[in-house]
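# Got a sequence here, can you build the structure:
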Amino acid sequence: MKIKNLSDLEVFVLTAESGSLSGAARVLNISPAITSASLKRLESDLGLMLFVRSTRSLRLTHEGERLLPAAKLALQELQDAIEELNTGKQVIRGHLQISIPSDLGRNQVLNWLDDFQTTYPDVTIRLHLSDSLTDMYRQPIDVAIRYGDLPDSNLIALPLLPQNRRVLCASPAYIKRHGKPTTPEELPNHNCLRFHLNDSVHEQWNFYRDGQTLSVLVNGNRRANDGDAVHRWALAGHGIAYKSMLDVLPSLRSGELIRLCPDWDGETTPLWLVCADRRQLSPTVVRLREHLQQCCHEAGKAP
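Below you'll find the predicted structure:
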């Protein structure tokens with residue numbers, strides 16, 4: 001299999017992004033017939049069907065889904081290489097689709113990305129805010145920011161804040177009404193705000209001190225599959241949260257949340273920048289990682 005015409009690859013990418021042959025044709029200022037012929041030529045070169053077509057719709061096949069991120073990357077790398085040759089400077093630009101956990105994204109990373117785009121205005125960003133694990137192979141995601149151990153060992157994971165931990169916290173209003181636990185062993189007597197992902201509920205909270213591990217089964221009247229919701233419940237005084245330090249640092253520094261049992265270490269929850277293939281580590285992604293790593297380092301200093 002060999003692609004004989006790079007312009008056919010561009011037609012493929014634009015058709016996938018616009019969702020129609022006519023949409024790609026408008027961008028390229030060519031006729032839909034030429035666009036259709038280009039796609040047929042590419043499919044013939046590859047010996048694969050890239051789109052399922054009907055009179056009313058067009059969607060990628062499984063093979064098309066797999067080819068799309070590689071095709072976009074190849075075209076971007078070619079354009080960047082040409083510009084770098086012409087200017088003698090490394091190119092930091094392009095379109096990045098980034099998946100970020102909801103709480104971290106809203107309360108920290110949004111501001112960090114503002115700073116990044118101020119420095120590199122030719123970078124465009126599309127955010128996917130979700131705590132669900134992203135399928136890096138099937139979904140149109142370039143990089144993901146994720147906490148904890150990664151289930152797929154084939155992913156490329158670069159550390160952003162490897163020493164990050166969970167912390168117990170509650171609002172002053174909750175503490176005034178229900179008191180402050182002095183040890184994690186008292187947590188079963190409190191309303192604990194739990195996070196769940198799919199059918200797994202994080203309700204076995206682990207703590208560490210002087211080589212000792214303390215595991216506490218907690219309960220409460222609220223749980224959510226969205227980390228930001230748990231954070232908001234804690235701010236509103238509805239219970240005790242066990243959150244990533246990085247998520248709640250702004251609230252701890254403002255006094256809206258109070259850290260509990262600070263003489264016990266929480267679970268380690270390292271933060272990673274993840275991609276599916278090392279070839280995706282373009283100069284733009286590498287620079288983004290450096291920027292996020294610096295932001296995490298500065299923010300990760302305990303209050």
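# Helices of the stretch 151-300 of the chain, start to end?
172-178, 227-235, 245-254, 283-299 (DSSP state H, counting those that start in this stretch).
# Of all the ones you listed, which one comes closest to residue 8?
helix 283-299 (25.2 Å; CB to CB). In this view, the C-beta of every residue, glycine as well, is placed from N, C-alpha and C.
# Buried ones in that closest one, by neighbour count?
Across helix 283-299, burial judged by 16 or more other CB atoms under 10 Å covers 284-285, 287-289, 291-293, 295-296, 299.
# a markdown table for these, including pLDDT and distance to residue 102?
What follows is those, written out as a markdown table (pLDDT from 0 to 100; distance: CB to CB, whole Å):
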| residue | pLDDT | distance to residue 102 |
| --- | --- | --- |
| 284 | 89 | 24 |
| 285 | 91 | 22 |
| 287 | 93 | 25 |
| 288 | 95 | 20 |
| 289 | 95 | 21 |
| 291 | 96 | 21 |
| 292 | 96 | 17 |
| 293 | 93 | 21 |
| 295 | 94 | 18 |
| 296 | 91 | 17 |
| 299 | 83 | 17 |
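# from these, which is closest to residue 142?
residue 285 (7.1 Å).
# Shouldn't residue 74 be within a strand?
No: with DSSP: H, G, I helix; E, B strand; the rest coil as the criterion, residue 74 is helix rather than part of a strand.
# avg pLDDT for stretch 61-79?
The pLDDT scores in stretch 61-79 average 83.
# Kindly format the C-alpha coordinates of it as CSV.
This file holds the C-alpha atoms of stretch 61-79, laid out as CSV (Å, rounded to 0.1, in the frame of the first residue of the first chain):
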residue,chain,number,x,y,z
THR,A,61,-15.1,3.2,8.8
HIS,A,62,-13.0,1.6,11.5
GLU,A,63,-10.0,1.8,9.2
GLY,A,64,-10.7,5.4,8.5
GLU,A,65,-10.9,6.2,12.2
ARG,A,66,-7.4,4.6,12.7
LEU,A,67,-5.9,6.5,9.7
LEU,A,68,-7.3,9.9,10.6
PRO,A,69,-5.0,10.9,13.5
ALA,A,70,-1.9,9.7,11.6
ALA,A,71,-3.0,11.5,8.4
LYS,A,72,-3.5,14.8,10.3
LEU,A,73,-0.2,14.4,12.1
ALA,A,74,1.7,13.6,8.8
LEU,A,75,0.2,16.7,7.0
GLN,A,76,1.0,18.9,10.0
GLU,A,77,4.6,17.6,10.3
LEU,A,78,5.2,18.2,6.6
GLN,A,79,3.9,21.8,6.8
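# Show me the contact partners of it.
6, 9-10, 12-13, 16, 46, 48-52, 60, 94, 137-138, 140, 142, 276-277, 279-280, 282 (CB atoms under 8 Å, 6 or more residues apart in numbering).
# got it, and stretch 172-186?
Stretch 172-186 is contacted by residues 168, 170, 187, 189-191, 205, 207, 214, 216, 234, 237-240, 255, 258, 260-261, 264 when judged by CB under 8 Å, 6+ apart.
# Turn the helices of the stretch 151-300 of the chain into JSON lines, including distance to residue 64.
Putting the helices of the stretch 151-300 of the chain into JSON lines (distance: least, CB to CB, whole Å) gives the following:
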{"stretch": "helix 172-178", "distance to residue 64": "51"}
{"stretch": "helix 227-235", "distance to residue 64": "33"}
{"stretch": "helix 245-254", "distance to residue 64": "37"}
{"stretch": "helix 283-299", "distance to residue 64": "23"}
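# nearest to residue 245, of the buried residues of helix 283-299?
Nearest to residue 245 out of the buried residues of helix 283-299 is residue 299 (CB to CB; 9.2 Å).
# any idea how far residue 274 lies from residue 246?
16 Å (CB to CB, to the nearest Å).
# What residues of stretch 199-206 count as buried?
In stretch 199-206, counting by 16+ other CB under 10 Å, buried: 203, 205-206.
# for stretch 108-119, same thing?
Across stretch 108-119, burial judged by 16+ other CB under 10 Å covers 108-109, 112-113, 116.
# Among those residues, which are located in helices?
112-113, 116 (DSSP state H).
# ok, of the residues you listed, which one's closest to residue 164?
Of these, the one sitting nearest to residue 164 (CB to CB) turns out to be residue 112, at 15.0 Å.
# The closest one is in contact with residue 292, isn't it?
Yes: between residue 112 and residue 292 there is a contact under CB atoms under 8 Å: 6.2 Å.
# domains for the protein, by residue range?
6-64, 92-160+272-299, 166-260 (automatic domain parsing).
# end-to-end on the longest one?
One end of domain 92-160+272-299 to the other measures 25 Å (CA to CA, to the nearest Å).
# next one: stretch 26-39
15 Å.
# hmm, who's touching that stretch?
By CB under 8 Å, 6+ apart, stretch 26-39 touches 5, 7-8, 10-12, 14-15, 18, 21-22, 24-25, 50-51.
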